[in-house]
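J.: Structure of the sequence below:
(one chain, ligands or ions: 1)
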Amino acid sequence: MLKPVYVTRPYFPPIEKYFNYIQQCFNQKALTNNGPLVEELTEKLKNKLGVKYLLLVSNGTIALQIAYQIKNLAKKNVITTPYTFAATSTALRWQGANVVLADIDSTSWNIDLNSVDELLAKKEGEAIVAVNLFGQPCELDGLEAIAIKHQVPLIYDSAHALLSTYKGKSIYDYGDIHCISFHATKLFHTVEGGAMVFKSETDYILAKKLINFGLDEHGDIEEAGINGKLSEVHAAMGLCVLDDLDELVSEREDLIALYKQKLGDCVIYQKANFDCQTQPIYMPVQFKTEQTLINAEKALNDAGFFPRRYFMPQHYKFLSNSSEAIEHCGETANRVLCLPLMNGLRKEAIKKICSIIRNSSESNN
Ligand SMILES: *Cc1c(COP(=O)(O)O)cnc(C)c1O
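T.: This is a model prediction of the structure:
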């Protein structure tokens, strides 16, 4: 039996390079509190993304919590999507907000603009948290217009979308705050970590205080903050992975192209009806029915492949009263399976996976 192939595996950069950075930490006696490696990674990411206000934080979930805190979402009704990793909503609940779920679009799988607009028009929401699911941007122009029309904050959970672009523009030109995850399973990672990108300098300065207990530069506590700092040891990993990122992206793009060539129209893909670039972080495919998904998953497991059903909103439906939106979302989400995608995945494995899926869908017909 071959080694099992899971949905993903973290990228491990050359260990010598990592040791070199750790050696720097030891030489400079700097482990955390905005040390030189955190500063270096911040500058490099700002240049790579072309953004002005970027703050590294200890994980993507605290990035969301800080964003929700800055926009004062406690006790507010906040509109978000049921189709996302649960952290988008659990962090809302943790910050004391009420989670209001909008419908999703059944082809883009992202939040549906009409649904958001209707909820806001009915005064059922006071802020928007949209998710660029699987790295595919939402309709950023449309959401921006809705947020302006109703005068509500617009936050993006861009955990999957670090490098994605929209109509040839930066996704960071849109929304008030983007929250990004650098967890080990993401395309770019710092083991644990994340970042926030801000439109306004005021929000950036406030966030910088909030992740450091609320301390200002004189050591006075001005706000009730928390500890959300990234350490030097984590930044070291980020600097190593960042050097290799362009190569990681092109390798994954090739793997996705092979999947699509071998699967053809035997499955359905996430689609955008505008020009955009989706960073190659996942390989989600949709089956015609949930039963065909289950059959394919079983056949894949038997052969040592372990795809994942990212994400199933009914598993965290306690978070919201919007049971109708969860049910609608399920009609799409319950047919989506994320196939193995990682750097170093062998082309032979992809061919095997695709032939198993093809065979299992034929035997269903
Ligand atoms: C991974 C992820 C998060 C949480 O990020 P962590 O760094 O693991 O805390 C939040 N939202 C989405 C959509 C994610 O995929």
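J.: low-confidence ranges in the chain?
T.: Counting by pLDDT under 70, the chain contains low-confidence residues at 1, 364-365.
J.: show me the contacts for the residue of the chain found nearest the ligand.
T.: Closest approach of the chain to the ligand (C-beta to the nearest ligand atom) occurs at Gly60, with a separation of 2.6 Å. Where you see a C-beta, it was placed from the backbone N, CA and C, and this is true even at glycine. By C-beta atoms under 8 Å, 6 or more residues apart in numbering, the contact set of Gly60 is Ala87, Asp157, Ala159, Cys179, Ile180, Ser181, Phe182, His183, Gly194.
J.: at 6 Å instead, please
T.: Going by C-beta atoms under 6 Å, 6 or more residues apart in numbering, Gly60 touches Ala159, Ser181, Gly194.
J.: Now the second one, what are its backbone angles?
T.: In terms of degrees, to the nearest 10, the main-chain angles of Ser181 are phi -110, psi 130.
J.: residues near Tyr6, how many?
T.: 14 (other C-beta atoms under 10 Å).
J.: let's have the chain start at 51 instead
T.: Right, with 51 as the first residue, what we last looked at is Tyr56.
J.: Report the separation between the residue lying closest to it once chain neighbours are set aside and His233.
T.: Of all residues beyond its chain neighbours, the one nearest Tyr56 is Phe356 (4.9 Å), with distances taken as C-beta to C-beta, 6 or more residues apart in numbering. Separation of Phe356 from His233 (C-beta to C-beta, to the nearest Å): 19 Å.
J.: Those two: which has the busier surroundings?
T.: His233 (19 against 12).
J.: Pretty sure that one sits in a helix.
T.: No. According to DSSP: H, G, I helix; E, B strand; the rest coil, His233 belongs to no helix; its state is coil.
J.: Can you give me the domain boundaries for the chain?
T.: If you go by automatic domain parsing, the domain ranges for the chain are 65-290, 295-413.
J.: deepest of these, which one?
T.: Mean neighbour count (mean count of other C-beta atoms under 10 Å) peaks for domain 65-290 among those, with a mean of 20.
J.: one step back: nearest spatial neighbour of the residue of the chain closest to the ligand, chain-adjacent residues omitted?
T.: That would be Ser231: by C-beta to C-beta, 6+ apart, it lies 2.7 Å from Gly110.
J.: show me the contacts for Val202.
T.: Glu176, Ala177.
J.: mind checking the SS state of it?
T.: Recorded secondary structure, Val202: coil (three-state DSSP).
J.: Equivalent analysis for the one 3 residues further on, please.
T.: The three-state label given to Ile205 by three-state DSSP is strand.
J.: Help me confirm that it comes into contact with Ile227.
T.: Yes. If you go by C-beta atoms under 6 Å, Ile205 and Ile227 touch, sitting 5.0 Å apart.
J.: Which neighbours do these two have in common?
T.: Ala117.
J.: can you pull out the helices in the stretch 51-200 of the chain?
T.: Secondary structure of the stretch 51-200 of the chain, counting by DSSP state H, counting those that start in this stretch: helices at 65-78, 86-99, 110-120, 137-144, 163-171, 190-200.
J.: what's the last one in contact with?
T.: Applying C-beta under 6 Å, 6+ apart, the contact partners of helix 190-200 are Leu163, Val166, Asp167, Leu170, Ile178, Ala180, Leu204, Tyr216, Tyr224.
J.: quick one: Asn384 and Glu340 touch, right?
T.: Yes. Asn384 is in contact with Glu340 according to C-beta under 6 Å; the separation is 4.9 Å.
J.: who touches stretch 91-101?
T.: Leu104, Leu106, Ser220, Tyr222, Val247, Ala285, Gly288, Leu289, Leu292.
J.: Excluding sequence neighbours, find me the nearest residue to the second one.
T.: Think Leu106. Leu106 sits nearest to Leu280 (C-beta to C-beta, 6+ apart), 4.3 Å away.
J.: I'd like to know how far that neighbour sits from Leu305.
T.: According to C-beta to C-beta, Leu280 stands 29 Å off from Leu305.
J.: same thing with Thr58?
T.: 12 Å.
J.: and if you look at Ile154?
T.: Applying C-beta to C-beta, the value for Ile154 to Leu305 is 26 Å.
J.: Counting by contacts, list what the biggest helix by length in the chain packs against.
T.: Longest among the helix segments of the chain by residue count, using DSSP state H, is helix 282-313. Packing partners of helix 282-313 (3 or more C-beta pairs under 6 Å, 6 or more residues apart in numbering; DSSP states H and E): helix 65-78, helix 86-99, helix 397-414.
J.: All the helices of the stretch 301-415 of the chain, in order from the start?
T.: With DSSP H, counting those that start in this stretch as the criterion, the stretch 301-415 of the chain has helices spanning 340-352, 373-383, 397-414.
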